[in-house]
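1. Following is a predicted model, sequence given first.
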There are 2 protein chains.
Amino acid sequence: MSDGRTTWRDIAADLRGAIERGEVRPGEQLPTQSQLIQRYGVASQTVANALSALRAEGLIRSRTGSGHFVRERPPILRSTRSRLSAAERAAGRGTFLSDAHAGDWTPRSETEIRVEPASARVADALGLDEGVEVLVRDRLMFADDVPVQLAISHLPRELTVGTRIEEPDPGPGGIYARLEDAGYAPLRFDEYVRAGTASAPEADRLGLPTGAPVLRITRIATTDERLVEVNFLVLDGERFELHYIV
Amino acid sequence: MSDGRTTWRDIAADLRGAIERGEVRPGEQLPTQSQLIQRYGVASQTVANALSALRAEGLIRSRTGSGHFVRERPPILRSTRSRLSAAERAAGRGTFLSDAHAGDWTPRSETEIRVEPASARVADALGLDEGVEVLVRDRLMFADDVPVQLAISHLPRELTVGTRIEEPDPGPGGIYARLEDAGYAPLRFDEYVRAGTASAPEADRLGLPTGAPVLRITRIATTDERLVEVNFLVLDGERFELHYIV
DNA sequence: AAGTGGTCTAGACCACTTG
DNA sequence: AAGTGGTCTAGACCACTTG
């Protein structure tokens, strides 16, 4: 029984249709598992598989003890990548605050600072030798208290020691403004964008189901002479839209 | 038992660790379900759940009758978005051919041309009235004969009538070169990037499993005066990496 | 207290692949 | 023919939410 059509796929398709036709509207509850077991005359596991698939597609949210609900599509967070501009820095906003300023949501972030030897991947990206000390700023960012973005930034330690970059709050304009103060103004940003699925720890931190679509961005900041930062970003793929002007 | 830790999650984490530590290498087979049932002393469904999660993460591929195998990560197709440049057009390459030139893969595409009344979405993007005639170029693009990109381009019909843009092969430099010939040289491209999961028809055309991560790009081309094209792109999220210089 | 989702058991059967 | 993955049955128990 491993051709395309299976019972749980049929049930999932049936429920998906009901949602798409608007018979169950966003925010409303689907029939309970018991009701679905009765309606389709199948075992509990079969219904569970169907609902699990709809959850993975992001069509429903399930709340233990409460029910399965059609997801309300949250507003999209637009993020224009021309934002990394001197104008925004001059206005005292870092990149994330700059996004928030363009949208109308309230930003917040939790930052953890640590010092690590550069991994092969980081050393390669920053043009350092493996094992050289780097400063890591591990940030989880919230929009209206919903976690939406994970950013793990790495900088050569020699550039950050004694600056506010090593503090959770680097001050107005963010770390790029502090780099500029130190004579390392980033002039160019290279962003490498991929789509992927959330790993278990990422899903946990971002409050997504495992396997939910995410945007993965590797951003490399460069002065006119050297690489100063590599930042690994993971964004909720369904809530974020990146805007690039080419 | 609905806190984070469950048996199937523990088993998935265990196998994920073995893969990440390289104990099971890409292409190699995981223990069979029977072996895992024995090893962990659990029911078949529990092991099935764990493997299902790893599959959703894209870590393994399962082949009925054969086994579960660690996925080989296919080579990444880099695509630099500064490619939409006059230089590339002058060299006689369209955007897709330009990507191919930068990578070392062989491009091919299947193009279907049709004329349609503008949908609300397209009309909105192009600043036209709904229902106005637009030319649609529906293309499926292949790299080394593997389908990797879907591009559905819409242009106001008045700009394309009588030009090679209405032919499957628009000639050297692609449609942007033809627009330039007609006095509508695109000067600015706005790209809006999201991550999502492949719908059933998209998965079918791109040869992906339904729900696989994809990159969705809406690209709007503008001359100094007007909007000339809106292009909806869907890319295999795991094979493509977009490169933007900001 | 009753209902709900999530997980688990211990089997069963089927389509498919491999030797 | 034997082994494999995928699905299914018919229950069970637990944590949680709701009235």
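-> It's in.

2. wait, does the helix or strand harbouring A:Ala177 contact chain B?
-> Under the criterion of DSSP states H and E, A:Ala177 resides in helix A:174-181. No. If you take C-beta under 8 Å from any C-beta of the partner chain as the test, helix A:174-181 misses chain B, and the best it gets is 12.1 Å. In short, each C-beta sits where N, CA and C put it, glycine included.

3. What's the mean pLDDT across that helix?
-> In this model, helix A:174-181 has a mean pLDDT of 90.

4. now for the following helix or strand past it, which elements pack on it?
-> Of the helices and strands lying after helix A:174-181 in sequence (DSSP H and E), the nearest is strand A:188-197. The helices and strands touching strand A:188-197, judged by 3 or more C-beta pairs under 8 Å, 6 or more residues apart in numbering or on different chains; DSSP states H and E, are strand A:213-222, strand B:188-197, strand B:213-222, strand B:240-245.

5. which helices and strands does the helix holding A:Ala177 pack with?
-> Identification of packing neighbours for helix A:174-181 by 3+ C-beta pairs under 8 Å, 6+ apart yields helix A:86-90, helix A:95-102, strand A:227-236.

6. and the angle from that helix to strand A:227-236?
-> Interaxial angle of helix A:174-181 relative to strand A:227-236 (axes from the mean of the first three to the mean of the last three C-alpha atoms, to 10 degrees): 170 degrees.

7. Only the buried residues of helix A:174-181, if you could.
-> Buried residues in helix A:174-181, counted by 16 or more other C-beta atoms under 10 Å in any protein chain shown: A:Gly174, A:Ile175, A:Tyr176, A:Ala177, A:Arg178, A:Leu179, A:Glu180.

8. ok, now stretch A:49-64?
-> Buried residues in stretch A:49-64, defined by neighbour count with 16+ other C-beta under 10 Å: A:49-61.

9. buried set for stretch A:122-135?
-> Residues A:Val122, A:Ala123, A:Ala125, A:Leu126, A:Leu128, A:Val134, A:Leu135 are the ones in stretch A:122-135 that count as buried (16+ other C-beta under 10 Å).

10. In strands only, show me these.
-> Using DSSP state E, the subset of these located in strands is A:Val134, A:Leu135.

11. so which of the buried residues of stretch A:122-135 comes closest to B:Asp14?
-> Nearest to B:Asp14 out of those is A:Val122 (C-beta to C-beta; 27.0 Å).

12. what residues are up against that closest one?
-> Neighbour list for A:Val122: A:Leu128, A:Val134, A:His154, A:Val230 [criterion: C-beta atoms under 8 Å, 6 or more residues apart in numbering or on different chains].

13. Which positions in chain A make contact with DNA strand C?
-> Counting by C-beta under 7 Å from any atom of the strand, chain A comes close to DNA strand C at A:1-3, A:30, A:32-35, A:44-45, A:48, A:51-52, A:55, A:62-68.

14. Please convert the buried members of the residues you listed into PyMOL selection syntax.
-> The PyMOL command for the buried members of the residues of chain A next to DNA strand C (criterion: 16+ other C-beta under 10 Å) is given here:
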select buried, chain A and resi 30+33+48+51+52+55+68
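
15. So which of the residues of chain A next to DNA strand C belong to strands?
-> Under the assignment DSSP E, these contribute A:Ser62, A:Arg63, A:Gly67, A:His68 to strands.

16. who does the third one bridge with?
-> Read that as A:Gly67. Legend: beta-bridge partners of A:Gly67 under DSSP bridges are A:Arg63.

17. my guess is it meets A:Val24, correct?
-> No. Assessed by C-beta atoms under 8 Å, A:Gly67 is found out of contact with A:Val24, at 11.4 Å.

18. can you list residues touching both of the two?
-> Joint contacts of A:Gly67 and A:Val24 (C-beta under 8 Å, 6+ apart) are A:Leu30.

19. still on that earlier bit, between strand A:188-197 and the helix holding A:Ala177, find me the angle.
-> Orientation check (the same axes, to 10 degrees): helix A:174-181 against strand A:188-197 gives 160 degrees.

20. From the buried residues of stretch A:122-135, pick the one nearest A:Ala13.
-> A:Ala125 (43.8 Å).

21. mind checking how far that closest one is from B:Arg239?
-> Distance from A:Ala125 to B:Arg239, counting by C-beta to C-beta, to the nearest Å: 21 Å.

22. And for A:Pro107?
-> 33 Å.

23. again, but for A:Pro156
-> To B:Arg239, A:Pro156 is 32 Å away according to C-beta to C-beta.

24. Check A:Val230 too.
-> Distance, A:Val230 to B:Arg239, by C-beta to C-beta: 23 Å.

25. Which one's more surrounded, the two?
-> Each of A:Val230 and B:Arg239 has its neighbours counted (other C-beta atoms under 10 Å in any protein chain shown); A:Val230 has more, 25 against 20.

26. Now for A:Ala212: which residues touch it?
-> Counting by C-beta under 8 Å, 6+ apart, A:Ala212 makes contact with A:Ala56, A:Gly58, A:Thr197, A:Ala198, A:Ala203, A:Asp236, A:Gly237, A:Glu238.

27. can you check A:Thr163 too?
-> So A:Thr163 contacts A:Pro170, A:Arg178, A:Asp181, A:Ala182 (C-beta under 8 Å, 6+ apart).

28. what's the closest of those residues to chain B?
-> A:Arg178 (19.3 Å; C-beta to the nearest C-beta).

29. From what I see, A:Glu229 and A:Asp190 are in contact.
-> No. Applying C-beta under 8 Å, one finds A:Glu229 not in contact with A:Asp190, separated by 11.0 Å.

30. Give me the common contacts of those two.
-> Taking C-beta under 8 Å, 6+ apart as the criterion, A:Glu229 and A:Asp190 both touch A:Arg219, A:Ile220.

31. need the residues of chain A near DNA strand D, please.
-> A:1-2, A:6-9, A:41-46, A:49, A:63-66.

32. ok, and the closest non-adjacent residue to A:Thr218?
-> In this structure, A:Thr218 finds its nearest non-sequential neighbour in A:Tyr192, 4.4 Å apart by C-beta to C-beta, 6 or more residues apart in numbering or on different chains.

33. these two touch, right, A:Arg226 and A:Gly127?
-> Yes. In this structure A:Arg226 lies within contact range of A:Gly127 using C-beta under 8 Å: 7.5 Å.
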